[in-house]
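1. sequence and predicted structure below; questions after.
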Amino acid sequence: MQKKGLRPIWFDLESKTVKVIDQRMLPHKFVVAELKTVDDVIGAIKEMFVRGAPLIGATGAFGVYIALASDGNTIVDEHLKSECQRIKDSRPTAVNLKWGVDRVLNVALKFSKYEDRADRALKEACKIVEEEAENCRLIGEYGYPLIEAIYRKKLENCQNSQDKGSSRVNILTHCNAGWLATIEYGTATAPIYTAFDRGIDLHVWVDETRPLNQGSRLTAWELLKHGVAHTVITDNAGGHLMQHNMVDIVIVGTDRTTRTGDVANKIGTYLKALAANDNNVPFYVALPSSTFDWSLTDGIKDIPIEERDPDEIRYVQGLDKDGKIASVLIPPEKSLAANHAFDVTPRRLVTGFITERGVCNASEDAILKLFPEYALL
Ligand code: MRU
């Protein structure tokens, strides 16, 4: 699913810097950026060199180390905390950012010597990266049987009926919840890669995901590299495909999910869930535990929804005929645009969650059965 060893973030031992893939340039250019200062970290998150909830969390985690290391190891507690707050404020919706920063900060603050703090912060950030990769592998393991069951059923139907339909499993996904958004495997894509690697015949409908086209730029790039059959569709096509039995299952990621099961994800996810519900198509959300917000119960009321620069809607970026990345204006110059980046899908529209501890339905009880340590928060 990705070139061996290639991750969207890593600590480069030679230069002793944190490096990231600049995802704004994909799929047309492969550019690596170095994060040396807290402002670099904030810029990379805000401008979306790095994006996707688990990756933002990992970047924030490295950001704490960078705050410690880039200040000649002399940073005082108050300043360290305010630098961490600046990192946490760089994007509001994905809860992983706060989770990653706080986890590393809490470890660092246990040590009094500056050198120990930086060293432990780096170790903790690297630990988060490894854990998130393993969580996504497990999401693949737990999600695989869902795809396999659909495949077996379709195969049986083909064998028993006169009308020889196809046993190919059609999966619809929105945005990019692949390894670029996580560390390895992805969340929504982990069951897809696992099923594909185990020989299940499958095909992925890739929502282009306007305005920044994370689907057509990033998910399509990932799937293509791995050899997975896929088709890019407009964001509005899913409902039509579902009405015509062309989607067997929807799997998406999430940026923040409440303990009760309300799901914030890239704008447009809610409409896919409504269409899936109307057409009896199972709608699954894949996430590591770092994406649950254990403090929230009402997603629509309480999850902060990022509003981004309207120019992301007004201008579309792509490769021009001369092979240069170019931006073109779409609406009339003077028309206003509004860029709500996420929406919330209420739990009643979610068939289930695929987590590193297994699959459960979208209710507080079921979620807490998998994660009992958060029951009393
Ligand atoms: O604005 P983005 O690209 O950071 O949004 C990402 C998404 O909405 C993903 O679907 C979500 O983070 C899940 S990632 C595993």
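-> Cool, got the structure.
2. gap between E130 and the ligand?
-> 17 Å (CB to the nearest ligand atom, to the nearest Å). C-beta coordinates here come from the backbone N, C-alpha and C atoms, glycine included.
3. and the closest residue to A275 other than its chain neighbours, its phi and psi?
-> Closest residue to A275 apart from its sequence neighbours, by CB to CB, 6 or more residues apart in numbering: G239 at 3.8 Å. Note on G239: its backbone torsions stand at phi -60, psi -40 [degrees, to the nearest 10].
4. tell me which residues touch G239, please.
-> For G239, the set of contacting residues under the criterion of CB atoms under 8 Å, 6 or more residues apart in numbering consists of L271, K272, A275, D278, N279.
5. which of those are buried?
-> The neighbour-count test (16 or more other CB atoms under 10 Å) marks L271, K272, A275 as buried among those.
6. as a markdown table, the residues you listed with secondary structure would be great.
-> What follows is the buried ones among the contacts of G239, written out as a markdown table (DSSP: H, G, I helix; E, B strand; the rest coil):
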| residue | secondary structure |
| --- | --- |
| L271 | helix |
| K272 | helix |
| A275 | helix |
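7. and those residues, which is closest to the ligand?
-> If you rank the buried ones among the contacts of G239 by distance to the ligand using CB to the nearest ligand atom, K272 comes first, at 11.5 Å.
8. I figured the closest one was touching F283, is that so?
-> Yes - between K272 and F283 a contact is recorded at 7.3 Å, counting by CB atoms under 8 Å.
9. and for these two, which residues touch both?
-> Residues touching both K272 and F283 comprise V250, V252, with contact defined as CB under 8 Å, 6+ apart.
10. for the residue of the chain at minimum distance from the ligand, give me its contacts.
-> In the chain, the residue found nearest to the ligand is G253; the distance is 2.6 Å by CB to the nearest ligand atom. Neighbouring residues of G253 by CB under 8 Å, 6+ apart: G52, A53, C175, A177, A181, G186, T187, A188, N265, V285, A286, L287.
11. so the residue nearest to it when sequence neighbours are not counted, which state does it fall into?
-> Beyond its immediate neighbours in the sequence, the residue positioned closest to G253 (CB to CB, 6+ apart) is A177, lying 2.7 Å away. Assigned state for A177: coil (three-state reduction, three-state DSSP).
12. and the average pLDDT for stretch 350-369 is what?
-> For stretch 350-369, mean pLDDT rounds to 98.
13. which residues in the stretch 201-350 of the chain form helices?
-> In chain order, the stretch 201-350 of the chain shows helices spanning 220-226, 238-243, 269-278, 299-302, 311-314, with DSSP state H, counting those that start in this stretch as the criterion.
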